[in-house]
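K.L.:
What follows is a predicted structure for the sequence shown.
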Amino acid sequence: MVKKKKTNIKDDRAMLSPAMKMADLVNLNYHLLGVLSRLGVDLGFGEITVGEACRRHSLNVGSFLLICNVYTYDDYIPSGELLFSGAPADIVKYLHSSHVFYLEHELPELERALEKLVAPCDVKQKLVIDRFFSDYKKEVENHFAYEETVVFPYVETFSRDCREQGYSIEQFEKNHSNIDEKLCDLKNIVMKYLPEVCDTVLRNDVMYHICYLEEDLGKHTLIENNVLIPMMTRIEENETR
């Protein structure tokens with residue numbers, strides 16, 4: 001009987017740490033350029049480390065690494081230790097900056113690109129696309145408004161003075177919905193059903209915008225579900241013991 005050799009499968013992905021060079025972080029995952037921008041960290045950081053960059057920009061390094069890990073590894077689930085090292089207020093600051101980015105930059109850019117794309121279409125086709133996108137934009141705005149007026153103020157206040165406010169992060173978790181699902185429908189419309197008269201280059205440009213926004217919103221949701229919610233749940237439980 002031949003014995004099977006035991007194989008140790010090692011996780012060869014890079015460990016993100018405070019000692020890592022910022023340049024190495026960006027080389028590892030260029031999607032982090034958007035993260036840095038939303039946190040106010042500009043390029044030109046030379047040879048400084050992640051820890052040094054966080055100190056310069058008054059960022060909690062644990063929070064920064066949590067966000068970067070979510071963006072870098074699709075299956076990332078933070079350890080309790082790293083969750084404990086992060087600061088809910090910094091996570092909320094990042095999520096708020098992302099809301100501003102989506103509403104003031106990405107959605108308007110996508111809307112303009114769609115308008116150019118469907119310009120040769122007939123009136124009925126234009127109305128369908130316009131109505132679909134308008135409904136989606138309103139859904140996103142309502143979703144963000146709830147977080148901005150209810151969830152984020154709660155997190156910031158509770159993190160500061162730990163007082164019961166008649167609200168808990170569990171309520172957010174129960175009512176939290178994904179806002180990237182309708183983008184899949186829009187992607188299919190652009191990819192499958194728009195007439196051939198629509199310019200191929202413009203169609204590809206719109207597809208790129210949709211795919212980027214869909215992916216980024218997915219990461220945004222993961223930060224809320226896998227970082228902010230368990231982080232706040234832990235804090236709430238500690239305060240009620």
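P.N.:
Nice, I can see it.

K.L.:
so what's residue 166 scoring on pLDDT?
P.N.:
We note a pLDDT of 73 for residue 166 in this prediction.

K.L.:
same deal with the one 4 residues further on?
P.N.:
Reading off the confidence values, residue 170 has pLDDT 85.

K.L.:
so the nearest residue to it once chain neighbours are set aside is in which element?
P.N.:
Using C-beta to C-beta, 6 or more residues apart in numbering and skipping the chain neighbours, the partner closest in space to residue 170 is residue 233 (7.2 Å). Placement of C-beta: from N, CA and C, glycine included. Using DSSP states H and E, residue 233 maps to helix 229-240.

K.L.:
quick one: the residue nearest to residue 170 from residue 196, how far?
P.N.:
Distance, residue 233 to residue 196, by C-beta to C-beta, to the nearest Å: 52 Å.

K.L.:
For those two, indicate the residue with more neighbours.
P.N.:
Neighbours per residue (other C-beta atoms under 10 Å) separate residue 233 from residue 196, with residue 233 holding more: 15 against 8.

K.L.:
Touching, that one and residue 171? I think so.
P.N.:
No - taking C-beta atoms under 8 Å as the definition, residue 233 is not a contact partner of residue 171, at 11.6 Å.

K.L.:
Any stretches of this protein with poor pLDDT?
P.N.:
Residue ranges of the chain with pLDDT under 70: 1-13, 162-165, 239-241.

K.L.:
now the helices for it?
P.N.:
With DSSP state H as the criterion, the chain has helices at 22-28, 32-38, 50-56, 61-72, 80-85, 88-101, 107-117, 123-146, 152-161, 169-175, 181-188, 200-223, 229-240.

K.L.:
what residues are up against residue 211?
P.N.:
residue 187 (C-beta atoms under 8 Å, 6 or more residues apart in numbering).

K.L.:
Kindly provide the distance from it to residue 191.
P.N.:
10 Å.

K.L.:
can you check residue 56 too?
P.N.:
43 Å.

K.L.:
how does the chain divide up, domain by domain?
P.N.:
22-83, 88-240 (automatic domain parsing).

K.L.:
Quick check: end-to-end length of the shortest one?
P.N.:
In other words, domain 22-83. Using C-alpha to C-alpha, to the nearest Å, the end-to-end distance of domain 22-83 comes out at 21 Å.

K.L.:
any idea how far that domain is from the chain center?
P.N.:
How far domain 22-83 lies from its chain's middle: 13 Å, per C-alpha atoms, centre = their mean, to the nearest Å.
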